[in-house]
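>>> Below: sequence and its predicted model.
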Amino acid sequence: MTKKDILRLYQCREPIAALTCYDASFAQACEQAGVEVLLVGDSLGNVVQGQRTTLPVTMTQMIYHTEAVCRGCSQPLVMTDLPFGSYQTSPQQALEHAVLLMQAGAQMVKLEGGAVMAETVAFLAARGIPVCGHIGLQPQSVHQLGGFAMQGKSDSAAQRLLDDGLALQQAGADILVLESIPAPLGQAITERLTIPTIGIGAGSACSGQILVLYDLLGLSPIMPPFARDFLSGRGSIQEALAAYVQAVKQQAFPA
Ligand code: KIV
């Protein structure tokens with residue numbers, strides 16, 4: 001999968017199936033199930049390391065997990081999160097760290113933030129780095145947000161998120177993750193943009209869906225309200241992954 005293949009799915013209105021992934025064995029299993037985008041997410045801080053937030057995750061760790069995922073698969077598009085503190089200082093800082101992730105095997109980098117990150121997105125895009133934006137609930141800003149609550153609930157907050165999405169698209173973002181926002185807002189942003197949106201707790205109208213792999217397997221001690229345990233009632237991890245891909249493709253998930 002290249003960024004062009006993802007765009008083709010979007011243009012054909014075929015929902016994009018994405019999952020987070022942190023190691024080679026799961027990358028192979030996800031590939032066999034037909035997952036199209038693997039995100040080496042900084043959520044590895046939560047589900048692999050047992051941290052309360054994603055803030056302690058380092059560049060060295062993101063490189064290590066990106067290399068592991070890339071060794072395990074060849075088909076899905078692999079994108080990797082720029083971790084907290086690795087891109088907010090300046091576009092130059094973001095470029096230096098994005099280069100390290102691309103050298104580790106990522107085909108795209110993801111960063112959190114709205115219009116304020118537009119300059120950085122444009123800087124990366126102009127230098128050959130595909131970029132995925134991430135708005136709505138931004139886990140790296142958890143302390144500023146005061147928790148992991150749904151975003152965009154008031155009219156003004158919803159308008160701000162729409163403006164953020166447009167600013168990131170204008171700057172050259174290739175994909176936009178929408179996390180934990182009301183479903184009608186997910187739909188409105190998806191309809192206004194001309195790049196794919198990947199939702200996590202953002203309703204079924206997004207161009208694709210993503211879940212944290214360990215939530216999909218029912219392993220997380222605290223399941224986010226928008227997650228579903230696809231392993232429950234099924235005999236194997238492979239069946240659970242295939243059921244997730246099928247549910248996304250048929251727009252049966254999220255309900
Ligand atoms: O790190 C992560 O898992 C993410 C998803 C929530 C999209 O950014």
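Ah, there it is.
>>> all strands of the stretch 151-255 of the chain, in order?
175-179, 197-200, 208-211 (DSSP state E, counting those that start in this stretch).
>>> okay if I get these as JSON lines plus mean neighbour count?
No exception for glycine: its C-beta is placed from N, CA and C like everyone else's. Below are the strands of the stretch 151-255 of the chain laid out as JSON lines (neighbours: other CB atoms under 10 Å):
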{"stretch": "strand 175-179", "mean neighbour count": "27"}
{"stretch": "strand 197-200", "mean neighbour count": "28"}
{"stretch": "strand 208-211", "mean neighbour count": "25"}
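>>> possible to save these as CSV with distance to the ligand and mean pLDDT?
Formatted as CSV, the strands of the stretch 151-255 of the chain follow (distance: least, CB to the nearest ligand atom, whole Å; pLDDT from 0 to 100):
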stretch, distance to the ligand, mean pLDDT
strand 175-179, 5, 98
strand 197-200, 5, 98
strand 208-211, 5, 98
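>>> which ones are touching the residue nearest to residue 215 when sequence neighbours are not counted?
Closest residue to residue 215 apart from its sequence neighbours, by CB to CB, 6 or more residues apart in numbering: residue 227 at 3.8 Å. Residue 227 sits next to 211-212, 215-216, 220 when contact means CB atoms under 8 Å, 6 or more residues apart in numbering.
>>> what about stretch 62-82, near the ligand?
Yes. Using CB under 6 Å from any ligand atom, stretch 62-82 comes into contact with the ligand via residue 81.
>>> Any buried residues in that stretch, and which?
Using 16 or more other CB atoms under 10 Å as the test for burial, stretch 62-82 gives 62-70, 72-73, 76-82.
>>> and what of stretch 95-106?
95, 97-98, 100-102, 104-106.
>>> Same check on stretch 140-158?
Within stretch 140-158, the residues that qualify as buried are 140, 142, 150-152, 158, counting by 16+ other CB under 10 Å.
>>> what does stretch 238-251 give?
Residues of stretch 238-251 classed as buried under the neighbour-count rule (16+ other CB under 10 Å) are 240-245, 247-249.
>>> Could you do stretch 193-207 as well?
Using 16+ other CB under 10 Å as the test for burial, stretch 193-207 gives 193, 195-207.
>>> And stretch 126-133, by the same measure?
Within stretch 126-133, the residues that count as buried by 16+ other CB under 10 Å are 129-133.
>>> Near the ligand, which residues of the stretch 101-250 of the chain are found?
By CB under 6 Å from any ligand atom, the residues of the stretch 101-250 of the chain that approach the ligand are 134, 177, 179, 200, 210, 212.
>>> cutoff 5 Å now
Neighbours of the ligand within the stretch 101-250 of the chain, by CB under 5 Å from any ligand atom: 177, 200.
>>> Do a quick rundown of the helices in the stretch 101-250 of the chain.
Assigned by DSSP state H, counting those that start in this stretch, the helices in the stretch 101-250 of the chain fall at 118-125, 142-145, 155-171, 183-192, 213-216, 237-249.
>>> So for residue 24, which of those helices sits nearest?
helix 213-216 (13.2 Å; CB to CB).
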